[in-house]
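Participant: A predicted structure for the sequence below; I have some questions about it.
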Amino acid sequence: MATLSKISNPVAAGSSSTGFNNTRSSTSQRCFILDFNSKSPFKSSRFSLSANRASSFPFLVKCSQSTGNGSPVKRTTLHELYEKEGQSPWYDNLCRPVTDLLPYIANGVRGVTSNPAIFQKAISSSDAYNDQFRELIKSGKDIESAYWELVIKDIQDACKLFEPIYDQTDGADGYVSVEVSPRLADDTKGTVEAGKWLHRVVNRPNVYIKIPATAPCIPSIKETIANGISVNVTLIFSLSRYEAVIDAYLDGLEASGLDDLSRVTSVASFFVSRVDSLIDKLLEKIGTPEALDLRGKAAVAQATLAYQLYQKKFSGPRWEVLVKKGAKKQRVLWASTSVKNPSYPDTLYVDPLIGPDTVSTMPDQALEAFIDHGTVSRTIDRNVSEAEGIYSALEKLGIDWNQVGSQLEVEGVESFKKSFDSLLDTLQEKANSLNLVNL
């Protein structure tokens, strides 16, 4: 059951959205809050959010331009996270209709990440893409080309929703990420060309082109940045690879030849929970009390040290030269923040990694948990010596951090390739079921 009430001007409370036409106006907005905790029955045909989204939040907001007075939007821990601690909460999911993102924006979400697995789930499980897909195939598009058209439309529409945040923060936030084909993870030049193409066809200032941090793609990152294209570097699992990613960003800025670097930005997606998933298995094989006591501690410890590396690399003479040209730090982004082991606290990969100039991208599970009972406090550098001790203790037990990173990278790339190939198969089947011919 839900009740409906009106509010005005949610921008001040963190919504940042002023409507789909992205016009700037002093006109206030009329918003409708559906309170799903209420016992009063209410049905509204105007509220078009899907049922599975509606169940994700205790309240949801849909806004439209209007005049009038009302109460402020209810604030969440996501607003506090950004305003008090300088960490940007992003949502790790995207599907149609993209208007499903509106309540997330109202609740404090400031960006969106996507990947092949997310689109595989979205497109294969929904009829929302059928009309566009049918027209694409009828117009002569092959299956893979049609896939990219579907993805590009979602990314463009999401970018429009987040563009007010991008504008209000002068390009510091409000990004939507789209990944190059996972088939290119070992193709340096192909990745660069794919990045250029995606950047050109999406044609939105707040799009991030996602490039994996594989060894062949480190030069791709440099070249893409040098071409003035903003990048989300994904699938980072080790400190050594993270340092290579930072250097690629700095090299790219220096090679760009641009006098104004302020619009070339980047995030480095450092994966968290998957590290514990693998290292916990290794510790259980070792089986000693010391080893078993370290379960569930590796990922946060390594991420804590990654933040120390971030602070070190984005300081000093080399960085100051770039700052004079308007360069912005490549923020570290915590990815894979959902808990894989149900015995662990459900905010394990969010609460301990809060710090300024960082991003935490959360799927539904982590986002809902943090909104409900997350703690907003700077924690990322609270226990650095403890993190160093855990990191060293794992090494002494025979854990090879670089080997762990390499294995997780291979698994991540293969997982995305599998999702990508599976989706293309699904689209071929859909074309067949819709009596379309694959030209």
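Facilitator: Now that the structure is in, tell me what you want to look at. Numbering: from 1, shown residues only.
Participant: hey, where'd the strands end up in this protein?
Facilitator: 3-8, 29-35, 59-65, 87-92, 112-113, 176-179, 207-212, 231-236, 266-271, 331-335, 358-362 (DSSP state E).
Participant: got the contact list for the residue lying closest to residue 380 once chain neighbours are set aside?
Facilitator: Excluding its sequence neighbours, the residue lying closest to residue 380 (CB to CB, 6 or more residues apart in numbering) is residue 355, at 3.2 Å. Every C-beta, even on glycine, is put in place using the N, C-alpha and C of the backbone. Applying CB atoms under 8 Å, 6 or more residues apart in numbering, we find residue 355 in contact with 85-87, 307, 378-381.
Participant: got a markdown table for these, with distance to residue 195 and neighbour count too?
Facilitator: Shown next, in a markdown table, are the contacts of residue 355 (distance: CB to CB, whole Å; neighbours: other CB atoms under 10 Å):
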| residue | distance to residue 195 | neighbour count |
| --- | --- | --- |
| 85 | 32 | 16 |
| 86 | 28 | 14 |
| 87 | 27 | 26 |
| 307 | 27 | 21 |
| 378 | 34 | 13 |
| 379 | 34 | 17 |
| 380 | 30 | 25 |
| 381 | 33 | 14 |
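Participant: so how far is stretch 100-107 from its chain's centroid?
Facilitator: 15 Å (CA atoms, centre = their mean, to the nearest Å).
Participant: give me the phi and psi for the residue nearest to residue 380.
Facilitator: Here is the backbone geometry of residue 355 (degrees, to the nearest 10): phi -160, psi 160.
Participant: burial count for residue 395?
Facilitator: Close neighbours of residue 395, defined as other CB atoms under 10 Å, add up to 11.
Participant: thought residue 403 was touching it, still the case?
Facilitator: No: applying CB atoms under 8 Å as the test, residue 395 and residue 403 come out as separate, 11.3 Å apart.
Participant: and the strands of the chain, which one is worst for confidence?
Facilitator: Ranked by mean pLDDT, those bottom out at strand 3-8, with a mean of 29.
Participant: where are the low-confidence patches of the stretch 1-150 of the chain?
Facilitator: Within the stretch 1-150 of the chain, the segments meeting pLDDT under 70 span 1-73.
Participant: centre of the chain to stretch 154-165, how far?
Facilitator: Its chain's average C-alpha position is 14 Å from that of stretch 154-165, according to CA atoms, centre = their mean.
Participant: offset the numbering so it begins at 10, please.
Facilitator: Let's use 10 as the start, then, which means that last one is stretch 163-174.
Participant: for the residue lying closest to residue 234 once chain neighbours are set aside, what are its contacts?
Facilitator: Leaving aside its sequence neighbours, residue 234 sits nearest to residue 261 (CB to CB, 6+ apart; 2.7 Å). Applying CB under 8 Å, 6+ apart to residue 261 gives the contacts 230-235, 273.
Participant: the residue most central in space within the chain and residue 217: what is the separation?
Facilitator: In the chain, the centroid-proximal residue (CA atoms, centre = their mean) is residue 122; its distance is 2.9 Å. Residue 122 is 8 Å from residue 217, where distance means CB to CB, to the nearest Å.
Participant: list the residues that contact both of the two?
Facilitator: Going by CB under 8 Å, 6+ apart, residues that sit against residue 122 and also against residue 217 are 185-186, 241.
Participant: out of these, who has the most neighbours?
Facilitator: Most surrounded of the shared contacts of residue 122 and residue 217: other CB under 10 Å gives residue 185, at 30 neighbours.
Participant: okay, and the beta partners of that residue?
Facilitator: residue 121, residue 216 (DSSP bridges).
Participant: surely it meets residue 174?
Facilitator: No: applying CB under 8 Å, one finds residue 185 not in contact with residue 174, separated by 10.5 Å.
Participant: what residues are shared contacts of those two?
Facilitator: Common neighbours of residue 185 and residue 174 (CB under 8 Å, 6+ apart) are residue 120.
Participant: what's the spacing between stretch 279-287 and its chain's center?
Facilitator: The mean C-alpha position of stretch 279-287 is separated from the chain mean by 16 Å, CA atoms, centre = their mean.
Participant: and it, C-alpha only, in PDB?
Facilitator: Output of stretch 279-287 as PDB, limited to C-alpha atoms (Å, rounded to 0.1, in the frame of the first residue of the first chain):
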ATOM      1  CA  PHE A 279      38.800  -0.900  -7.700                       C
ATOM      2  CA  PHE A 280      36.900  -4.100  -7.100                       C
ATOM      3  CA  VAL A 281      36.300  -5.200  -3.500                       C
ATOM      4  CA  SER A 282      34.100  -8.100  -2.600                       C
ATOM      5  CA  ARG A 283      35.500 -10.500  -5.300                       C
ATOM      6  CA  VAL A 284      38.900 -10.200  -3.600                       C
ATOM      7  CA  ASP A 285      37.500 -11.600  -0.400                       C
ATOM      8  CA  SER A 286      35.600 -14.300  -2.300                       C
ATOM      9  CA  LEU A 287      38.900 -15.700  -3.700                       C
END
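Participant: residues making contact with that stretch?
Facilitator: By CB under 8 Å, 6+ apart, stretch 279-287 touches 244-246, 251, 304-309, 311-312, 315, 341-350, 353, 357-358, 362, 413, 416-417, 420-421.
Participant: so which of the residues you listed are in helices?
Facilitator: Among the contacts of stretch 279-287, the members falling in helices (DSSP state H) are 251, 307-309, 311-312, 315, 413, 416-417, 420-421.
Participant: I figured the residue nearest to the centre of the chain hits residue 97, correct?
Facilitator: No: in this structure residue 122 lies outside contact range of residue 97 using CB under 8 Å: 11.4 Å.
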